[in-house]
Every structure is written in structure tokens, then in C-alpha cells.
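Q: Here is my input; please provide its structure:
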Amino acid sequence: MHTRQRIRVSRLTIVAIVALGLSFIGAADTQSGNHGGPPLRVASYNIHHGAGNDTCTPPPVTTPPQTECAMNLERIADVVRGLDVDVVAFQEVDRFWARSGYVDQASRLGELLRMNVCYGGNLDHQADNHADRPHQYGTLILSKRPLLSCWNTLLPRAATNTEQRGLLHAVVRAQNGAPVHIYNTHLHTTIAERTVQVPAVDALIGQTSPSILLGDLNAQPTETTLAPLQARFQDAWVAVGAGDGFTYPAEPDAPPNRRIDYAFLTSDLTVTEAAVAITPDTAMAADHYPLVIRVRVPRPNHHDGGPDHDDDAHDHDDHGDGHHGHGPGR
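A: Numbering: from 1, shown residues only. Now for the predicted structure:
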């Protein structure tokens, strides 16, 4: 059985973010047709709880631990500014862990980037060896566009002693007024766990559209566990990417050698560009490179909603343990 909770989302005034020059692979998106308004730019980024690849002296071993020496959440925010995206899906996001300085990383990234926040805590712990206070670990969706809703669903596990994973779901209103469903997940490192998680993700998305599934799936494209997703959705990299699309590992001294980060889309969306942002900055910021795509969103039907209004970003009550969504401080 899946555990599903509605999460509080809140509005934040968005300021202009200037691109720092990420070059995309593919033709420029100049067509409109049935896809009204500018395209939606979306990224998936596993940030390794803000710990980068710096050469530094680790702190002494303590319980709870001290802040890791390579922690730099501001650098993650700088990378995302350079991507100039409307929506970004993060994996491995801490809230109040000692290793990351007891920072609420979801709120902090929202503040730094002036974006709306949707967070799903898949691990929800009381004070323990990792922190002297309650703390969470999970996934995060940030959006310049209004958030209409936000909820997290815990995924099934093949064994009771494995790390809990989840599927975070936010509905974002595109500039043409269409609601777009953004899903974010971080699948387990073992095939046994992914074997039960992928069908659950597929079933939870169901026939919902237009939808974009983003995340670190911890599986290369040839792995059979991904077959249900590959059969039903467009793989953005297969559709328009050039080259191998490797996203992992990110490090300054060697190129990546695996494609384990993905963007899957329903057929009513048109993906026009895809890129892996490999730069000196992204090689240092985390252990994955960001995957960035551009999509054209179909105009909404009448029942989907009318023109865009920022007051569409309503608040929702938070229910249940371990899935606390929140807006950044103002």
C-alpha cells in the first residue's frame, strides 16, 4: 500500500533570473502552433545534500557529526541560476541534518533562487545519531511558476530494512495557463528495490497528463526494470539528445560514464532540447550533473483552467508524518 500525503505549498514573488550561458543541444524552439506561450525549461539534479567534490580536511568524528567540509549549498544555487530553468527537481535534500549544518535545505534553496517550494520527506527521523533534532531527507521541486498542489507518496519496498523512497508530485501552471504535472523520484540502488518501485511510479502517474517524470533512477537505460516507463513515456534524451547523455559521476578529474538521471514525458508534450550541464562548476558542486530539457506545453482545454494568474498558487493543509511541504521564508 502506498502512503500519500497532501503537502502545504505557498507563494513567493518571483524575480528575474539571468542565464549564465548553458548551451543546449537541438534546434531553437521557435514554433508555437497549439503550444501557446514560451516553452517550459525543466531540470533534474541530484545534489548530494549540497556536498561537493572539494579537496578538504574532514572534521573530527563526532555523534552527531559536524558539518561536512565540502558543504556548499550556495554553489548549488549558483549552478541552478546558470541553468535558467522554470522548474527543477532535486534529489538528496536534507532538512536539519547535522552533516549539512542543520540547514533546512528546501527552504534555503527556495530563498536563494526565489522559487516556490514543494518538498517530500521520505526519511523522517526524530533526534538520533544523525542530528540532535527531528530531521528529514527526500526530494524537492522548485518552480518559478505557480504551484497548484504538492504531495508525496511513499513507494513500496522489497525489504523492510531498505531506505524508504518516494514519488513527489507537484502541479505547476505553465505560462500558457496549462497545469503541468511534475513528478520527482530517487529510486533505490538495488535492482530488487527498483523492481517494485518502477511499477508503483508508473501506476501512480497513471493517465495523468501532461506529465514530466524527473529523477535519479539509479539504472542505466538497458536495465529491464525501466521497461514500463520506456514503453509508455518519451525519454527526452532518446528523443532529442546528442551523445551518450552521461550524468554520473560528476568530478573534476574524469568524465561521467553512466546515464542514470532521466526526464520522461507524456506524448502530449513536445521535447525540443536536452542537455547535460557539464561545466567546471557542475563538476565540483555535487556527484551528479544536471539534466536540463525544454518542452512545449499544449494549450489547456477549457476545463483545465484559463489564463495564468499567480494567485492560483493556493495553500494546502499538511497531513501525515514525514512529508512536510513548505514555502521559503520571505
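Q: Quickly note the distance from residue 191 to residue 158.
A: Applying Cβ to Cβ, to the nearest Å, the value for residue 191 to residue 158 is 9 Å. Any C-beta I mention is one placed from the backbone N, CA and C, and that applies to glycine too.
Q: Same question for residue 232.
A: 22 Å.
Q: mind listing the helices for this protein?
A: 73-83, 105-113, 191-205, 227-232, 236-240, 280-285 (DSSP state H).
Q: Could I get these in JSON lines, plus columns for mean pLDDT and mean neighbour count?
A: Shown next, in JSON lines, are the helices of the chain (pLDDT from 0 to 100; neighbours: other Cβ atoms under 10 Å):
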{"stretch": "helix 73-83", "mean pLDDT": "98", "mean neighbour count": "20"}
{"stretch": "helix 105-113", "mean pLDDT": "98", "mean neighbour count": "23"}
{"stretch": "helix 191-205", "mean pLDDT": "98", "mean neighbour count": "18"}
{"stretch": "helix 227-232", "mean pLDDT": "98", "mean neighbour count": "13"}
{"stretch": "helix 236-240", "mean pLDDT": "98", "mean neighbour count": "20"}
{"stretch": "helix 280-285", "mean pLDDT": "98", "mean neighbour count": "19"}
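Q: What's the end-to-end length of stretch 226-242?
A: 21 Å (Cα to Cα, to the nearest Å).
Q: outside of it, which residues touch it?
A: Here stretch 226-242 makes contact (Cβ atoms under 8 Å, 6 or more residues apart in numbering) with 25-26, 198-199, 201-202, 213, 217, 219, 221, 245, 259, 262-267, 269, 271-275, 291, 293, 295.
Q: Mark which of the residues you listed are buried, thanks.
A: Taking 16 or more other Cβ atoms under 10 Å as the criterion, what is buried in the contacts of stretch 226-242 is 26, 198, 201-202, 213, 217, 219, 221, 245, 259, 262-266, 269, 271-275, 291, 293, 295.
Q: can you redo the helices of the chain as TSV with distance to residue 138?
A: Shown next, in TSV, are the helices of the chain (distance: least, Cβ to Cβ, whole Å):
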stretch	distance to residue 138
helix 73-83	16
helix 105-113	8
helix 191-205	15
helix 227-232	21
helix 236-240	23
helix 280-285	19
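Q: Nearest to residue 174 among these would be which one?
A: Proximity to residue 174, assessed across those by Cβ to Cβ, is greatest for helix 236-240 (16.7 Å).
Q: how far is that closest one from where the chain is centred?
A: 18 Å (Cα atoms, centre = their mean, to the nearest Å).
Q: in this structure, which residue is closest to the centre?
A: With distances taken as Cα atoms, centre = their mean, residue 89 lies nearest the centre of the chain, 1.5 Å away.
Q: What residues sit buried inside stretch 151-160?
A: Buried residues in stretch 151-160 (16+ other Cβ under 10 Å): 151, 152, 153, 154, 155, 157.
Q: quick one: the fourth one and residue 122 touch, right?
A: Yes. Contact criterion Cβ atoms under 8 Å: residue 154 and residue 122 qualify, at 6.6 Å.
Q: if I look at residue 109, how far off is residue 260?
A: Going from residue 109 to residue 260 by Cβ to Cβ gives 22 Å.
Q: Tell me what residue 235 is bridged to.
A: Following DSSP bridges, residue 235 is listed with bridge partners residue 264.
Q: how near is it to residue 293?
A: As for residue 235, its distance to residue 293 is 10 Å (criterion: Cβ to Cβ).
Q: Then residue 112?
A: 23 Å.
Q: cool, residue 279 as well?
A: As judged by Cβ to Cβ, residue 279 and residue 293 stand 17 Å apart.
Q: Same question for residue 238.
A: Computed as Cβ to Cβ, the residue 238 to residue 293 distance reads 12 Å.
Q: Likewise for residue 126?
A: Distance, residue 126 to residue 293, using Cβ to Cβ: 38 Å.
Q: quick one: residue 157 and residue 193 touch, right?
A: Yes. Counting by Cβ under 8 Å, residue 157 does reach residue 193; the two are 6.4 Å apart.
Q: what residues are shared contacts of the two?
A: residue 165.
Q: Would you map the strands across the stretch 1-150 of the chain?
A: Counting by DSSP state E, counting those that start in this stretch, one finds strands in the stretch 1-150 of the chain at the ranges 3-6, 40-46, 87-95, 116-125, 135-143, 147-154.
Q: Just send these back as CSV, with distance to residue 101 too.
A: Shown next, in CSV, are the strands of the stretch 1-150 of the chain (distance: least, Cβ to Cβ, whole Å):
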stretch, distance to residue 101
strand 3-6, 27
strand 40-46, 19
strand 87-95, 9
strand 116-125, 17
strand 135-143, 12
strand 147-154, 24
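Q: Figure out which of those strands is closest to residue 163.
A: Per Cβ to Cβ, nearest to residue 163 of the strands of the stretch 1-150 of the chain: strand 116-125, 7.1 Å.
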